[in-house]
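In: the following block contains a protein sequence and its predicted model.
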Amino acid sequence: RAAKVSAAQAITQGISAEGGLFVPEQLPKLTEADFNALIEKSYVERAIVILAKFLTDFSDVEIRYCAENAYHDKKFKTNNIAEISHLFDGTYMLELWHGPTCAFKDMALQILPYLLTTSAKKVAKGKKIVILVATSGDTGKAALEGFKDVPDTQILVFYPEDGVSAMQKRQMTTQEGENVAVSAIKGNFDDAQTGVKKIFTDPAVVEKLAENNMMFSSANSINWGRLLPQIVYYISTYCELVRDEEIAMGDELNVVVPTGNFGNILAAYYAKKMGIPFGKLICASNANNVLTEFIRTGTYNRVRDFHTTISPSMDILISSNLERLLYDLCGCDDEKIKTWFASLSETGKYTVDAGVMEKLSEEFYAGCCDDDATRATIGEIFRKYSYLCDTHTAVAVKVAQEYKKETGDDRKMIIASTASPYKFAPSVLPAITDEIPADDYEQLEQLHELSKLEIPAALAELKHKTVRFTDSVDKEEMEQVVLGMLGLA
């Protein structure tokens, strides 16, 4: 039977005791008056309005405190927080990477520490919050940076040893802060994510923490407090385009999102259900195309080869947030969800029913591309439009092109640009030049020379930072690492 908790409890806990994900009982609807007001507001003011519709147990003062501390120009290199670039006629790049770690995860993980600590004061006063994170690259650094030295919290990040870029690894292993720890695992992201969920729901571990006045929470998008702020940027972007007279209120826009864990595109789906006139939601995958196959056929099958690609943050075969979407599409039938996900656990696959498949096809389109097509797209877009995108955004651009060609749909389009190209310089450079320096930091300089984009200071400074975390463990050892970090082993 579904558990019912307050927003503060859901954010503090992160995941339900049996491993299920929290969702709102109902999604609030935006009225015409809401839209008219939001259009004239700043990003921070829009965030306050939207968060208040969900966080009904937070005061107005608390919500304002969270938003104003998260979104300001000392953390984000733009007053707009999220920039919109016009790639070509009717196509807009939603740049979500102007935050401190140069990836879209900052949009949520700069505010999550404020949401979590505010929530914990309501429902877990006096307890230390232990945050476990599995990362395919960007979440880890963004979470570490967000929770660095936050009182009464401890954060431990697990990443796949060979599954992140060199820059992502250095961002994490040089992380400063007294309450942070990082460990590689010998495995892929799915191994890390499965291991974290297992630790979360192990009664013996949970009891040991409780005895020591601690409790687990999560900074992954399994935590509702991570997903909620992502809804904000889709609503804000639509309002911004109306204000800029790029579109008229009510015009439909398609949205293209490169995604592996499905959280980023799910946020767009929720924004649509709240009243934003989005058309087709286009899911872009790399060679790990489990989502493409699922959206096209209705069968989710994780029993397949795992590919290590140049878009590593999407190297995922188990998409956690799909559970939330399916719960909505099947009319909140939790028994149906339990059956499908038990099948996924036992056999590695499940197939949804015809009714859900019909709704899925109506809302979503899916496509994928391999590394060669990703590089070719980076080069093509750079030569045509002098616009440089990273390897994940390029996957979305390629799938967007295929969608238009296949369907003839000429509605305007938002493409979620999820990371700075500088984070993946060794993969981006070969797409635009034959001259590739061997040194990572010379590659940043070379990219700057070619693109004229400013090198993010947070990446340039890594060269002089000391590596603090060098551990690499078997996935079976993750629990001991957690207990050891907490002094409970």
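Out: On my side now, so go ahead.
In: helix or strand for residue 158, just tell me which one.
Out: strand 153-160 (DSSP states H and E).
In: scratch that, residue 414 is what I was asking about
Out: Using DSSP H and E, residue 414 falls in strand 413-417.
In: which neighbours does that strand have in its sheet, and in what orientation?
Out: strand 91-95 (parallel), strand 253-258 (parallel) (DSSP bridges).
In: taking strand 253-258 as reference, get the angle to the longest helix along the chain.
Out: The single longest helix within the chain, with elements called by DSSP state H, is helix 224-243. With axes from the mean of the first three to the mean of the last three CA atoms, to 10 degrees as the basis, helix 224-243 and strand 253-258 are set at 140 degrees to each other.
In: state the mean pLDDT of helix 224-243.
Out: Per-residue pLDDT over helix 224-243 has a mean of 98.
In: distance from the chain centre to it, please.
Out: How far helix 224-243 lies from its chain's middle: 13 Å, per CA atoms, centre = their mean, to the nearest Å.
In: what separation is there between residue 437 and residue 453?
Out: With distances taken as CB to CB, to the nearest Å, residue 437 is found 17 Å from residue 453. For glycine as for every other residue, the C-beta is placed from the backbone atoms N, C-alpha and C.
In: so, low pLDDT: which residues of the chain?
Out: By pLDDT under 70, the weakly predicted segments of the chain are 1-2.
In: do you have the strands of it handy? List them.
Out: 83-88, 91-95, 128-134, 153-160, 180-186, 214-218, 253-258, 278-285, 299-301, 349-351, 364-368, 413-417, 472-474 (DSSP state E).
In: hmm, back to that, for the longest helix of the chain, which positions count as buried?
Out: 224-242 (16 or more other CB atoms under 10 Å).
In: of all the strands paired with strand 413-417, which one is nearest residue 353?
Out: strand 253-258 (25.2 Å; CB to CB).
In: how much does that closest one deviate in direction from strand 364-368?
Out: Going by the same axes, to 10 degrees, strand 253-258 makes 40 degrees with strand 364-368.
In: ok, and what's touching strand 253-258?
Out: With contact meaning CB atoms under 8 Å, 6 or more residues apart in numbering, strand 253-258 is reached by 234, 238, 241, 247, 264-265, 268, 277-286, 311, 314, 392-393, 395-397, 399-400, 403, 409, 411-416, 418.
In: please apply the same query to stretch 81-95.
Out: Taking CB under 8 Å, 6+ apart as the rule, stretch 81-95 contacts 43-44, 71, 96, 98, 107, 233, 236-237, 240-241, 244, 246, 381, 384-385, 387, 389, 393, 397, 400, 410-417.
In: now list the buried members of these.
Out: Buried members of the contacts of stretch 81-95, scored by 16+ other CB under 10 Å, are 43-44, 71, 96, 98, 107, 233, 236-237, 240-241, 381, 387, 389, 393, 397, 400, 412-417.
In: helices of the stretch 1-150 of the chain, residue ranges please.
Out: 7-13, 32-39, 43-54, 60-70, 106-109, 112-123, 138-147 (DSSP state H, counting those that start in this stretch).
In: tell me which other helices or strands the second one touches.
Out: Counting contacts by 3 or more CB pairs under 8 Å, 6 or more residues apart in numbering; DSSP states H and E, the secondary-structure elements packed against helix 32-39 are helix 43-54, helix 224-243.
In: right, and the ones you listed - which one's nearest residue 163?
Out: Within the helices and strands packed on helix 32-39, the stretch nearest residue 163 is helix 224-243; the backing value is 20.4 Å (CB to CB).
In: just the C-alphas of that closest one, formatted as CSV.
Out: Coordinates of each C-alpha in helix 224-243 appear next as CSV, following Å, rounded to 0.1, in the frame of the first residue of the first chain:
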residue,chain,number,x,y,z
TRP,A,224,11.9,14.3,-5.0
GLY,A,225,13.9,17.3,-3.7
ARG,A,226,16.3,16.8,-6.7
LEU,A,227,13.6,16.4,-9.3
LEU,A,228,11.3,19.3,-8.2
PRO,A,229,13.8,22.1,-9.0
GLN,A,230,14.2,20.7,-12.5
ILE,A,231,10.5,21.3,-13.2
VAL,A,232,11.3,25.0,-12.5
TYR,A,233,13.6,25.5,-15.4
TYR,A,234,11.2,24.2,-18.0
ILE,A,235,8.4,26.4,-16.8
SER,A,236,10.8,29.4,-16.5
THR,A,237,12.1,28.8,-20.1
TYR,A,238,8.6,28.8,-21.6
CYS,A,239,7.8,32.0,-19.8
GLU,A,240,11.1,33.6,-20.9
LEU,A,241,10.4,32.8,-24.5
VAL,A,242,7.0,34.4,-24.2
ARG,A,243,8.6,37.5,-22.6
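In: could you check the angle helix 138-147 makes with it?
Out: Using the same axes, to 10 degrees, helix 224-243 lies at 100 degrees relative to helix 138-147.
In: still on that earlier bit, redo the strands of the chain as a markdown table? Include distance to residue 337.
Out: What follows is the strands of the chain, written out as a markdown table (distance: least, CB to CB, whole Å):
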| stretch | distance to residue 337 |
| --- | --- |
| strand 83-88 | 36 |
| strand 91-95 | 30 |
| strand 128-134 | 21 |
| strand 153-160 | 26 |
| strand 180-186 | 28 |
| strand 214-218 | 19 |
| strand 253-258 | 23 |
| strand 278-285 | 20 |
| strand 299-301 | 12 |
| strand 349-351 | 10 |
| strand 364-368 | 18 |
| strand 413-417 | 26 |
| strand 472-474 | 31 |
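In: for these, which one sits closest to residue 57?
Out: Among the strands of the chain, strand 214-218 sits nearest to residue 57 (CB to CB), with 16.7 Å.
In: can you put the helices and strands packed on helix 32-39 in TSV and add distance to residue 305?
Out: Listed next are the helices and strands packed on helix 32-39 as TSV, based on distance: least, CB to CB, whole Å:
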stretch	distance to residue 305
helix 43-54	39
helix 224-243	29
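In: for residue 347, the count of nearby residues, please.
Out: Residue 347 is flanked by 11 other residues according to other CB atoms under 10 Å.
In: how about the nearest residue to it once chain neighbours are set aside, what does it touch?
Out: For residue 347, ignoring the flanking residues on the chain, the nearest one in space by CB to CB, 6 or more residues apart in numbering is residue 303 at 7.9 Å. Applying CB under 8 Å, 6+ apart to residue 303 gives the contacts 347, 348, 349.
In: what of residue 188?
Out: So residue 188 contacts 160, 163, 306, 308, 315, 317 (CB under 8 Å, 6+ apart).
In: re earlier: got JSON lines for the helices of the stretch 1-150 of the chain, with distance to residue 353 too?
Out: Formatted as JSON lines, those follow (distance: least, CB to CB, whole Å):
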{"stretch": "helix 7-13", "distance to residue 353": "28"}
{"stretch": "helix 32-39", "distance to residue 353": "35"}
{"stretch": "helix 43-54", "distance to residue 353": "29"}
{"stretch": "helix 60-70", "distance to residue 353": "39"}
{"stretch": "helix 106-109", "distance to residue 353": "32"}
{"stretch": "helix 112-123", "distance to residue 353": "35"}
{"stretch": "helix 138-147", "distance to residue 353": "32"}
